[in-house]
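K.L.:
output the structure for:
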Amino acid sequence: MVIWITGLSGSGKSTLASRLVSHIRKSGESVVLLDGDELRKVFGQETNSPINYSHEARLSLAMRYSHLCRLIALQNQIVVIATISMFSEIHSWNRLNLPGYFEVYLKVSLDELRRRDSKSVYSRFEKGELLNVAGLDLHVDEPSHADLIVVNQPLKSLGELVLTISARALRR
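P.N.:
Numbering: from 1, shown residues only. Got it, this is the predicted structure:
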């Protein structure tokens, strides 16, 4: 199966994915963690060139992620991927082609993302140092059929969220 965790930069995708993978491993399941930032390096797209972050480049890269997830999942592995990749065509392709596809959308307000800004993405954008930022000057498609939408809820702990995803995704 593939658990696809999506949301804008700073929404908590990597943190959630890491905790979820630890939880799944503790239960004895075999699981592979894929992180969009690391995959950018693997596919040679990590430079800050605006070309690498254009709509077309992001879409192409997202499709590579989807195909990689499929390849791994077809080998009886659980895949947890943390990636922005917010394109309706990717979400649709994933639903049709990825085994056990479960989509988690971390929906966090721009105000909260700007407050967190751990990678300085939003502040660099505001200073004009960065272009093609998903959700700002680059259009994204909010998932329309996510299996779980997590609206920024400070009262819901990360542990509770991991248990919710595990219960819903792994017990299908």
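K.L.:
so how far is residue 85 from the closest residue to residue 55 other than its chain neighbours?
P.N.:
Computed as Cβ to Cβ, 6 or more residues apart in numbering, the closest residue to residue 55 that is not its neighbour in sequence is residue 138, at 6.2 Å. In short, each C-beta sits where N, CA and C put it, glycine included. From residue 138 across to residue 85, the span is 12 Å (Cβ to Cβ, to the nearest Å).
K.L.:
quick one: which of the two has more around it?
P.N.:
residue 85 (24 against 15; other Cβ atoms under 10 Å).
K.L.:
which of the residues in the lowest-mean-pLDDT helix or strand in the chain are buried?
P.N.:
Sorting the helices and strands of the chain by mean pLDDT, DSSP states H and E puts helix 36-42 at the bottom, at a mean of 83. Buried residues in helix 36-42, counted by 16 or more other Cβ atoms under 10 Å: 36, 39, 40.
K.L.:
ditto for stretch 70-84
P.N.:
So for stretch 70-84, counting by 16+ other Cβ under 10 Å, buried means 70, 72, 73, 78, 79, 80, 81, 82, 83, 84.
K.L.:
as a markdown table, those residues with secondary structure would be great.
P.N.:
Formatted as a markdown table, the buried residues of stretch 70-84 follow (DSSP: H, G, I helix; E, B strand; the rest coil):
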| residue | secondary structure |
| --- | --- |
| 70 | helix |
| 72 | helix |
| 73 | helix |
| 78 | strand |
| 79 | strand |
| 80 | strand |
| 81 | strand |
| 82 | strand |
| 83 | coil |
| 84 | coil |
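K.L.:
now the residue nearest to residue 55, what are its backbone angles?
P.N.:
When read as degrees, to the nearest 10, the backbone of residue 138 gives phi -120, psi 120.
K.L.:
bridging residues for the closest residue to residue 13 other than its chain neighbours?
P.N.:
Distances taken as Cβ to Cβ, 6+ apart put residue 82 closest to residue 13, at 3.8 Å, once the chain neighbours are dropped. Residue 82 has the following beta-bridge partners by DSSP bridges: residue 5, residue 35.
K.L.:
surely residue 82 meets residue 40?
P.N.:
No. Contact between residue 82 and residue 40 fails when scored by Cβ atoms under 8 Å: they sit 12.0 Å apart.
K.L.:
so what touches stretch 35-46?
P.N.:
Contact with stretch 35-46 is made by 13-14, 17, 52, 57, 61, 64-65, 68, 81-85, as judged by Cβ atoms under 8 Å, 6 or more residues apart in numbering.
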